[in-house]
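S.K.: Take this sequence and fold it.
(one chain, ligands or ions: 1)
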Amino acid sequence: MNTPSPPMDGIVARDVTVTYRNGHTALSHASFAIPRGTVTALVGVNGAGKSTLFKAIMGFVPTGDGAITLLGRPVRQALRENLVAYVPQAEEVDWTFPVLVEDVVMMGRYGHMGLMRRPRPTDRAAVDAALARVGMAAFRHRQIGELSGGQKKRVFLARALAQDGQVILLDEPFTGVDVTTEEQIIALLAELRDEGRVMLVSTHNLGSVPRYCDRVVLVRGTVLAHGPTETTFTQEHLAEAFGGQLREISLGGSDLHHDDHEDPRTLTILTDDERPFVHYGHRPPVPGDEG
Ligand SMILES: Nc1ncnc2c1ncn2[C@@H]1O[C@H](COP(=O)(O)OP(=O)(O)OP(=O)(O)O)[C@@H](O)[C@H]1O
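M.R.: Residues are numbered from 1 along each chain as shown. Below you'll find the predicted structure:
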């Protein structure tokens with residue numbers, strides 16, 4: 001199949017350098033481009049710069065001499081137009097804050113409201129639709145702190161949907177969620193992709209990356225590699241990204257397409273201390289397995 005490559009009009013970072021106030025440079029000369037209508041994994045070790053990259057995309061930190069454009073617009077303009085939605089990690093949220101599920105989702109509408117933030121019928125309709133889409137309509141009057149990990153994720157996804165974000169950043173969406181919720185989130189990501197949105201998903205759950213991500217961005221203080229999953233999520237690049245933390249990586253199977261329902265893939269990553277870091281599919285035997 002030889003389809004022309006889509007224009008890189010989703011998220012484009014050129015030569016982005018982020019130095020924090022304490023002088024630490026977390027990202028240096030990072031460049032990559034992602035087209036609309038795709039789901040991209042953002043992968044790297046702890047401290048590699050994934051959250052820093054998110055902060056740069058959300059305009060929270062300066063990008064040095066580099067620049068980021070979102071759907072062809074500078075970050076500021078994209079933010080003003082409410083195009084960027086963020087689904088946070090659980091740890092970033094104060095769950096004791098007394099707020100209802102429907103209020104969290106309504107926050108996605110703030111950028112569409114006037115200064116008084118008085119919801120109009122269109123805002124309420126957007127909240128209803130978003131809650132229904134993630135299967136959380138029945139929980140709308142619950143306190144946010146009274147939800148399971150997977151339900152909390154879905155509420156923040158609903159907030160992104162209510163916002164009608166076209167660039168959606170998801171920070172560890174699968175941490176602490178069960179398999180069913182993971183499948184629901186993956187199905188939703190596929191729908192959002194088909195609507196032409198662009199999703200960047202920070203994840204340590206490497207095993208499922210080939211299943212639902214069209215593309216991968218590998219970071220370690222800079223962007224080491226980026227591109228289609230088939231050519232980027234390779235042993236060589238993973239070894240570079242995870243370096244000394246990995247003893248062995250094996251990526252098996254010939255087909256890494258996300259629409260593949262069979263399971264021909266194997267992805268095994270062993271850490272230095274020989275615990276499987278990631279194990280997906282059937283791992284080939286490795287020396288020392290027996291006994
Ligand atoms: N506010 C800050 N001030 C100074 N240094 C920071 C700040 N935030 C992060 N860093 C440093 O920048 C580097 C990149 O951090 P970042 O949080 O982007 O990594 P990450 O890839 O998201 O890690 P993780 O997988 O653990 O979430 C780390 O060395 C971190 O210690």
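
S.K.: tell me the pLDDT at the closest residue to Val219 other than its chain neighbours?
M.R.: The shortest distance from Val219 to any non-neighbouring residue, by CB to CB, 6 or more residues apart in numbering, is to Gly44 (3.9 Å). C-betas here are computed from N, CA, C, even on glycine. Gly44 is assigned a pLDDT of 92 by the prediction.

S.K.: measure Gly44 to the ligand for me?
M.R.: Using CB to the nearest ligand atom, to the nearest Å, one gets 5 Å for the distance from Gly44 to the ligand.

S.K.: What is the neighbour count of that residue?
M.R.: For Gly44, the count of nearby residues is 20 (other CB atoms under 10 Å).

S.K.: thought it was touching Val216?
M.R.: No. Taking CB atoms under 8 Å as the definition, Gly44 is not a contact partner of Val216, at 10.4 Å.

S.K.: which residues does the closest residue in space to Val43 that isn't next to it in sequence form a beta bridge with?
M.R.: Nearest non-adjacent residue to Val43, counting by CB to CB, 6+ apart: Leu218, 5.4 Å away. Beta-bridge partners for Leu218, by DSSP bridges, are Val43, Ala225.

S.K.: neighbours of Arg120, just the number please.
M.R.: The tally of other residues near Arg120 (other CB under 10 Å) stands at 12.

S.K.: contacting residues around the nearest residue to it once chain neighbours are set aside?
M.R.: In this structure, Arg120 finds its nearest non-sequential neighbour in Met113, 7.4 Å apart by CB to CB, 6+ apart. Contact analysis of Met113 by CB atoms under 8 Å, 6 or more residues apart in numbering lists 119-120, 123.

S.K.: Can you lay out the residues you listed as TSV showing pLDDT, secondary structure and distance to the ligand?
M.R.: Shown next, in TSV, are the contacts of Met113 (pLDDT from 0 to 100; DSSP: H, G, I helix; E, B strand; the rest coil; distance: CB to the nearest ligand atom, whole Å):
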residue	pLDDT	secondary structure	distance to the ligand
Pro119	89	coil	34
Arg120	91	coil	37
Asp123	94	helix	32
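
S.K.: if I look at Gln89, how far off is Leu192?
M.R.: Between Gln89 and Leu192 the distance is 19 Å, computed by CB to CB, to the nearest Å.

S.K.: The two - which one has more neighbours?
M.R.: Neighbour count, other CB under 10 Å: between Gln89 and Leu192, Leu192 has more, with 21 against 17.
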